[in-house]
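J.: Give me the fold of what follows.
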Amino acid sequence: MSGRKLRMLLAHPGASWATADVFLGLQAGLKYHDVEVFSFRLDQRFAASQSALYWLWRTKKKTEPNLSPPNPADLSYHASLGALEMALRNHVDVVLVVSAMLFHPDVLIMMKQAGLRVVVLFTESPYDHDSEMKVAKIVDGGWTNERSAVASFRTVNPRFGYLAHGWNPVVHRTDLPIDDSVPAHDVVFVGTGFRERYRFFNSIDWTGINLGLYGTWNQKLLNKQVRQHLHSGPLENARATLLYRRAKIGLNLYRTSQGWGPDAPQITHAESINPRAYELAACGTFCLSDYRLESAEVFGGLVPMFRSPIEAAALIRCWLADDAGRQTMAAALPARVAEASWIERTKTVLGGLQSLLALQKEQQIA
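T.: Numbering: from 1, shown residues only. Presented below is the predicted three-dimensional model:
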């Protein structure tokens, strides 16, 4: 690498929101630090792979009527395979895969066989811990978004660390113009409907409160009162930011489900802050949150926390009645996360990569 920039293939997680925002933040941070980034857009590859494989299946089915259609593993392999070619063609120093839950593991193995250094940033700890552990055994190292999971990953790969989530300085700012056409809610939440979240919103009396509930939800699982406030469908982060800045209260609910459905098992422990917590704070939005240990450490009393819908309902009505108190708390939040942008978080990534590549060089000399 002497005399030239670090060259990296950065692989998209495949999903179009949430983890995609981590990819975009990391991408911005890497470019800020002068890394030559080649972006592999797994989300776009999935769309192309689905079209191609299903066209081939329909064509072959005319002569082979019992031929099975492509399965998710087929789509994942076909969509991921181009990352190997892109990495080799551009002579990258390292491949960094964001999330890796939709990236086919066989391609990771082939990357290693081709002599590439491969690291991963897990974004779904501890919810998909078993799947992430399988990937951790394959790659050279990486990071997890959940600090309490680091010790477990290190049992299969010693080169794993903690990388806290962050906020994107291009998007999450207090000085950008506010679009007055964006709804101004008393309380806003942007996220996905897991079973604990359905239970939360259904348990609160929202009478007299202008709630804005956004994201991917099954309206049949929400009671009539909550359904009136639902704006269902994926939401881009830039739009969510405008909603946050227009709201009196930004609500942060941490996921506890491992998977989907009414019978999904629950995690037993988690400590780390999610992206929403950093984004709300960077936007200068007053926030209420359910309990996470790291939130107490980072925000102290600036983000009041609750442990039940009853406590949350009381806090919501209390703080809606205190305009001056909310404004004072909100004004202090951006400073608490000033050093948590993706520009800062990327320094941790680059430090870890420097150690990994130095080790590679030593092994080559030996």
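J.: Please verify my assumption that Leu53 contacts Leu75.
T.: Yes. With contacts defined as C-beta atoms under 8 Å, Leu53 counts as touching Leu75 at a distance of 6.4 Å. All C-beta atoms are positioned from the backbone trio N, CA, C, and that covers glycine.
J.: Please, where are all the helices along the stretch 101-250 of the chain?
T.: In the stretch 101-250 of the chain, helices defined by DSSP state H, counting those that start in this stretch lie at 105-113, 129-136, 150-154, 195-202, 224-227, 237-246, listed in chain order.
J.: quick one: buried residues of the last one?
T.: Along helix 237-246, these residues count as buried under the neighbour rule (16 or more other C-beta atoms under 10 Å): 237, 240-246.
J.: just how off-centre is it within its chain?
T.: Its chain's C-alpha centre and that of helix 237-246 lie 17 Å apart, by C-alpha atoms, centre = their mean, to the nearest Å.
J.: For it, which helices and strands make contact with it?
T.: In terms of contacts (3 or more C-beta pairs under 8 Å, 6 or more residues apart in numbering; DSSP states H and E), helix 237-246 is packed against strand 187-190, strand 211-215, helix 275-282.
J.: hmm, who's touching it?
T.: Among residues not part of helix 237-246, those counted as contacts by C-beta atoms under 8 Å, 6 or more residues apart in numbering are 17, 21, 24, 168, 171-172, 174, 178-179, 182-185, 188, 190, 212, 214, 250, 279-280, 283-285.
J.: Direction-wise, compare that helix with helix 275-282 and give the angle.
T.: Between helix 237-246 and helix 275-282, the angle formed by their directions is 50 degrees, by axes from the mean of the first three to the mean of the last three C-alpha atoms, to 10 degrees.
J.: Now do helix 237-246 and strand 211-215, the angle between them.
T.: When the same axes, to 10 degrees is applied, the directions of helix 237-246 and strand 211-215 differ by 170 degrees.
J.: how about low-confidence regions in the stretch 251-366 of the chain?
T.: Using pLDDT under 70 as the threshold, the predicted model of the stretch 251-366 of the chain has low-confidence ranges 360-366.
J.: So which bits of the top helix by length along the chain are buried?
T.: Under DSSP state H, the helix in the chain containing the largest number of residues is helix 342-365. Of the residues in helix 342-365, those buried by neighbour count under the rule 16+ other C-beta under 10 Å are 342-346, 348-349, 352-353, 356-357.
J.: circling back: buried only: go through the contacts of helix 237-246 for me.
T.: By neighbour count, with 16+ other C-beta under 10 Å, those hold 17, 21, 24, 168, 171-172, 182, 185, 188, 190, 212, 214, 250, 279-280, 283-285 as buried.
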